[in-house]
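1. Using only what follows, build the 3D model:
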Amino acid sequence: MENILIVDDEKHYPMIIGEVLAEEGYHTFTASSGMEALDILDTQLIDLVLSDVKMPGMSGIDLLERIKEIKPDLPVIIMTAFGSVEKAVEAMHKGAYTFILKPFENDALIAHIAKALSMYRIVQENILLKDAMRSRYQFDNIIGKSQPMQELYGVIQKVAPTQATVLVEGESGTGKELVSRAIHYNSLRKDQSLVAVNCSAFAESLLESELFGHEKGAFTGAVNMKKGRFELAHKGTLFLDEIGELPMPLQVKLLRVLQEKTVERVGGTSSIPVDFRLIAATNKTLEDEVRNGNFREDLYYRLNVVKAVMPPLRDRQEDIPLLIDHFIKKYTTGPESGGTIKSIDKEAIQLLCDYEWKGNVRELENVIERSVILSSTGRITASDLPSHMRQTNTNTLRLDGIPEGVGLSETLAAVEKRMIQRAMAMSGNVQTKAAQILGIGKSGLNQKLKKFNLDKELNLKK
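-> Predicted structure coming up:
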């Protein structure tokens, strides 16, 4: 339901027009002066202003100028008597949508309003779409062809067209926000807004205002009414990152929003209907948080309708060369380019594949960006990598990482599998090259691929 503000100093005129517009399904506010109109614009969400030209104090032209300063896209229709047509023309030059002569037919007024609102909706939608396109992600922006990533793609593909709530789990730096974007932009809500908020980035009182919005004067510093993220995500998707950091009082309020599909702004009394799809992400294990009393069990089950797991980089080693190539292109050809690197040598790739990556994909991206900037040869070499990576001895097994009680055969098998995965990654899944890297024959490699079921996981090439 659109909100229309009617501004006229004639006592009964706004009320009469309001009744006509109410029959058409519009909600109306009335003001008898320009200053009163500005106060309403400051506290209410108005979609169109219908204003008389001649008013005491602030004229309709003056009001138009003030509106265009604070809300340039808001449509304003000027009402004027026949003798003031020149003022109406002036208003058009200053940004009025159109003018209508008094007295007018109701059908003519309704037609003007419907057209103006239609144009306003298009403008607002274009703004949202432009913002979305700047950061739009599809499946091909989540890089990886490993088995864990293939499983993740399958979940995204199945859940995206539905309205189901999704819980994205993964360590910090794995790219959980990319999953939320992939789900949103492949959903039925893709043309609406994707609104994100990091629950760990705000103090509890500020987070409540961010999520629920507030009314003017609700607290010190609330000089204007503000829509919350729940309202901003109406008809679209809300992404709550680090949901495990949500304070317990706000967990209760979030649960109520999910159950009732309404919100109340801080300091407000009216319930506002909201319709959004929720995607939540966490780097914690929420089941453990529930057991420890840090997270509500009922909210956990509300969130955990469909779970999508973003695997850590150490569990998808074969994706590292793909990510390296992706980030090199990003920082050499895109708007964030900082160097002229064309390639990376084999030794550097091996060091990157052997590294632990506790910071996951985010850490890898930072390393590649740094190397692109610092390299002076046009090719990333081992010497361009951070010193702690160059000092890694790839020929020394890290025995301290092997759990106690694990047998020799099991340990050797795990090492053998990892070396095969690394060789396949470094060779682009070309078996002949991978066999050369490992120093074994191609038939021997084939046997080992079958032994570890890697022949089914990898897109093998001869």
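
2. can you give me the helices for the stretch 301-450 of the chain?
-> Using DSSP state H, counting those that start in this stretch, the helices of the stretch 301-450 of the chain run over 320-333, 346-354, 360-374, 387-390, 408-426, 431-438, 442-451.

3. which other residues reach the fourth one?
-> I take that to be helix 387-390. Contact partners of helix 387-390, identified using CB atoms under 8 Å, 6 or more residues apart in numbering, comprise 351-352, 355, 367, 382-383. C-betas here are computed from N, CA, C, even on glycine.

4. Which of those residues are buried? Put it as a ChimeraX command.
-> Listed next is the ChimeraX selection for buried residues among the contacts of helix 387-390, using 16 or more other CB atoms under 10 Å:
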select :351,352,355,367,382
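
5. if we take the contacts of helix 387-390, which one ends up nearest to Phe276?
-> Ranked by distance to Phe276 (CB to CB), the contacts of helix 387-390 are led by Val367 at 36.8 Å.

6. List the residues that contact the closest one.
-> Listed by CB under 8 Å, 6+ apart, the contact set of Val367 reads 352, 385-386, 389.

7. Give me the distance between it and His326.
-> 13 Å (CB to CB, to the nearest Å).

8. Helix or strand: which one has Gly36?
-> Quick fix: residue 36 reads Glu, not Gly. Element membership for Glu36 (DSSP states H and E) is helix 34-43.

9. follow-up on the earlier one: could you find the two of the contacts of Val367 that are most distant from each other?
-> Leu352 and Pro386 (10.6 Å).

10. Which positions in stretch 411-425 come out as buried?
-> For stretch 411-425, burial by neighbour count (16+ other CB under 10 Å) applies to 417, 420-425.

11. which residues touch Met15?
-> Going by CB under 8 Å, 6+ apart, Met15 touches Thr30.

12. follow-up on the earlier one: give me the buried entries from the contacts of Val367.
-> Neighbour counting with 16+ other CB under 10 Å marks 352, 385 as buried within the contacts of Val367.

13. Redo the contacts of Val367 as CSV? Include pLDDT and distance to Asn283.
-> Supplementary listing: those in CSV, determined by pLDDT from 0 to 100; distance: CB to CB, whole Å:
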residue, pLDDT, distance to Asn283
Leu352, 92, 23
Leu385, 93, 26
Pro386, 91, 24
Met389, 86, 24
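
14. So which of the contacts of Val367 is the closest to Ala413?
-> The shortest approach to Ala413 among the contacts of Val367 belongs to Leu352, at 24.3 Å (CB to CB).

15. Enumerate every residue touching that closest one.
-> So Leu352 contacts 320, 324, 364, 367, 385, 389 (CB under 8 Å, 6+ apart).

16. and what of Lys433?
-> Per CB under 8 Å, 6+ apart, neighbours of Lys433: 426-427.

17. try Glu347
-> The contact partners of Glu347, by CB under 8 Å, 6+ apart, come to 381-382.

18. Domain boundaries for the chain, per the record?
-> 3-131, 147-311, 312-396, 400-462 (automatic domain parsing).

19. how far out from the middle of the chain is the third one?
-> Which is domain 312-396. Centroid separation between domain 312-396 and its chain, computed with CA atoms, centre = their mean, to the nearest Å, is 27 Å.

20. Correct me if wrong: Glu204 contacts Pro249.
-> Yes. Applying CB atoms under 8 Å as the test, Glu204 and Pro249 come out as touching, 7.1 Å apart.

21. Just the buried positions in the helix holding Glu36, please.
-> Buried residues in helix 34-43, counted by 16+ other CB under 10 Å: 34, 36-38, 40-41.
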